[in-house]
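K.L.:
Quick one, structure for this:
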Amino acid sequence: MHITKSLKTFAVAVAAVPMLASCLSDGNSYAGIFGIGANSGKPVYANTAYSFVSFGSYRSWHIEQTAGGDWCRLDMTKGSGGAYFSIPAWFDLNTTGKARNVIYIVRDDQDGDDVYGTFSFVQRATRIDGSLGSAALVTGIEGDDGSSVAVEYDTLCRPVDVTIKKDGAVLRHVSVEYTYDDNGYYLAAGGMTADCDFDYRPRRLTSETDTVGYYEQGYITDMTWDAFNVEERKSGGERIAQALLFTTGSIRNLDPDSEQSADSLRYRHYEADGTVYGEDLKLSYSKNSNRLQSVDANQLLLGIEECSPYMLISLFPEARNSYLISEAAAADGKIAVATTLNADGSVATMAVTNKQGQTVNYTFTYSSELP
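P.N.:
Reported below is the predicted structural model:
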């Protein structure tokens, strides 16, 4: 609003933050609502539990909601002046399949028509793993080759444990923890940790010996193409890499709610003994969404032995293609994928036929309801 007339004692320094203030007729009062920030101006995800709105006020204030429904709740809607506030905002899970927003105005109690500030929260349609907020939670996958997957979730639909087995033997197991302390947000998985923003989407998980994360290949700012790897680098020399090429851009330079699918996949698994398994695949997709179940079903393409638990539960969601693969063509043959769907569009069964003509049938099971 306007520059202020006079300054009374205030609890925090205000010179470095923008001010919304008004000169009052008595010549002595100082009114201002300033430094407003809601989740640092960033949208929250469909399964984000809470964030904060922060602002300062010289005098008593109150908050009015002007749009958005009742899916967002503030811990405080009024208060005294002379302080800087950081107020928790709590969100319902967004299961609508669409982004939504809520708008508030914080007003000075005495001169609210002139001294006020506006803030809003935008909640995405998608969860932090790239699935839609309404997506069914996969609890198990059974393959007729003796393979199985079990996944557990917290109350925010976030995966906290995934176990991959073959003939009863554990091939991979990863537990995931989402933590917060005064120093920031952290995600821990597979004995590795990552510093994260509020959304818990890591760029790279690391330990003293192992690393899993994104490795950039190339990026053109006009969004004509984008290429990156997701790699597991383990002690002893084992390395697993999925290299994805997008010729129409990536979810990283679009809204995360946008759909995207890679043109090709280059896969390499370097064993510690020097042996290498590799595939160079041109990808084709069905019209069926890969965002209507919690896991990335496309990760079953190369069989359970090559299925990364980190990718299956989409800890690195930029590599999650939005549609189900129907065919992956290589110079020496093709992999065919056929899926059947449940009524809600989630995968019921998936049949993967490799280049040698051998088929594995996978059956998906789900939690009966969202938390």
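
K.L.:
Tell me the span between the first and last residue of stretch 231-243.
P.N.:
8 Å (C-alpha to C-alpha, to the nearest Å).

K.L.:
same question, stretch 90-103
P.N.:
Note: stretch 90-103 ends 14 Å apart using C-alpha to C-alpha.

K.L.:
going forward, begin numbering at 383 instead of 1
P.N.:
Sure, I'll start numbering at 383, so the last one becomes stretch 472-485.

K.L.:
So which residues make contact with that stretch?
P.N.:
For stretch 472-485, contacts defined as C-beta atoms under 8 Å, 6 or more residues apart in numbering pick out 425-426, 428-433, 447-451, 453-457, 500-507, 514-516, 538-539, 639, 752-753. From N, CA and C alone the C-beta is placed, and that goes for glycine too.

K.L.:
Give me the buried subset of those residues.
P.N.:
Buried by 16 or more other C-beta atoms under 10 Å: 425-426, 428-431, 433, 450, 454, 456, 501-507, 514-516, 538-539, 639, 752, out of these.

K.L.:
what pairs with the closest residue to Ile622 other than its chain neighbours across the strands?
P.N.:
Distances taken as C-beta to C-beta, 6 or more residues apart in numbering place Glu614 nearest to Ile622, at 4.3 Å, with adjacent residues excluded. With DSSP bridges as the criterion, Glu614 is bridged to Val594, Ile622.

K.L.:
for Glu614, what are its contacts?
P.N.:
Contacts of Glu614 by C-beta under 8 Å, 6+ apart are Asp592, Thr593, Val594, Glu620, Arg621, Ile622, Ala623, Ser690, Tyr692.

K.L.:
which stretches of the chain have low pLDDT?
P.N.:
Applying pLDDT under 70 to the chain picks out residues 383-411, 600-606, 631-636.

K.L.:
Helices of that one, start to end?
P.N.:
Remark: helices assigned in the chain by DSSP state H are 691-694.

K.L.:
dump the residue contacts of the residue nearest the centre of it.
P.N.:
By C-alpha atoms, centre = their mean, the chain has its centre lying nearest to Ile510, at 1.9 Å. Residues in contact with Ile510 (C-beta under 8 Å, 6+ apart) are Tyr427, Asn429, Thr430, Arg540, Asp581, Tyr582, Arg583, Pro699.

K.L.:
tell me the two of these that are most distant?
P.N.:
Thr430 and Pro699 (14.0 Å; C-beta to C-beta).

K.L.:
picking that back up, please name the nearest non-neighbouring residue to the residue nearest to the centre of the chain.
P.N.:
Spatial nearest neighbour of Ile510, excluding adjacent residues (C-beta to C-beta, 6+ apart): Tyr427 at 4.8 Å.

K.L.:
Number of residues surrounding the closest residue in space to Asp526 that isn't next to it in sequence?
P.N.:
With sequence-adjacent residues excluded and distances taken as C-beta to C-beta, 6+ apart, Asp526 is closest to Asn743, at 4.7 Å. Here the count is done by other C-beta atoms under 10 Å, and Asn743 has 14 residues near it.

K.L.:
I'd assumed Ile523 was in contact with Asn743.
P.N.:
No - using C-beta atoms under 8 Å as the test, Asn743 is too far from Ile523 to be in contact (10.8 Å).

K.L.:
follow-up on the earlier one: just give me the closest of the contacts of Ile510 to Gly715.
P.N.:
Pro699 (29.8 Å).

K.L.:
Spatially nearest residue to that closest one, not counting backbone neighbours?
P.N.:
Gly512 (3.5 Å).

K.L.:
Next, that neighbour: phi, psi?
P.N.:
The phi/psi pair for Gly512 (degrees, to the nearest 10) reads phi 90, psi -10.

K.L.:
That one against Arg702, yeah?
P.N.:
Yes - between Gly512 and Arg702 there is a contact under C-beta under 8 Å: 4.2 Å.

K.L.:
Now do the contacts for the closest residue to Ser696 other than its chain neighbours.
P.N.:
Residue nearest to Ser696 in three dimensions, not counting chain neighbours: Asp511, with 3.7 Å by C-beta to C-beta, 6+ apart. Applying C-beta under 8 Å, 6+ apart, we find Asp511 in contact with Arg540, Pro541, Ser676, Ile695, Ser696, Leu697, Pro699, Arg702.

K.L.:
would you list the contacts of Glu614 in a markdown table and tack on neighbour count and distance to Asn483?
P.N.:
As requested, the contacts of Glu614 are exported to a markdown table (neighbours: other C-beta atoms under 10 Å; distance: C-beta to C-beta, whole Å):
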| residue | neighbour count | distance to Asn483 |
| --- | --- | --- |
| Asp592 | 16 | 40 |
| Thr593 | 17 | 37 |
| Val594 | 26 | 34 |
| Glu620 | 14 | 45 |
| Arg621 | 16 | 43 |
| Ile622 | 21 | 40 |
| Ala623 | 16 | 38 |
| Ser690 | 24 | 35 |
| Tyr692 | 24 | 32 |
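
K.L.:
about what we covered before: now do the same contact list for the residue nearest to Ile510.
P.N.:
Per C-beta under 8 Å, 6+ apart, neighbours of Tyr427: Gln505, Arg506, Thr508, Arg509, Ile510, Asp581, Pro638.
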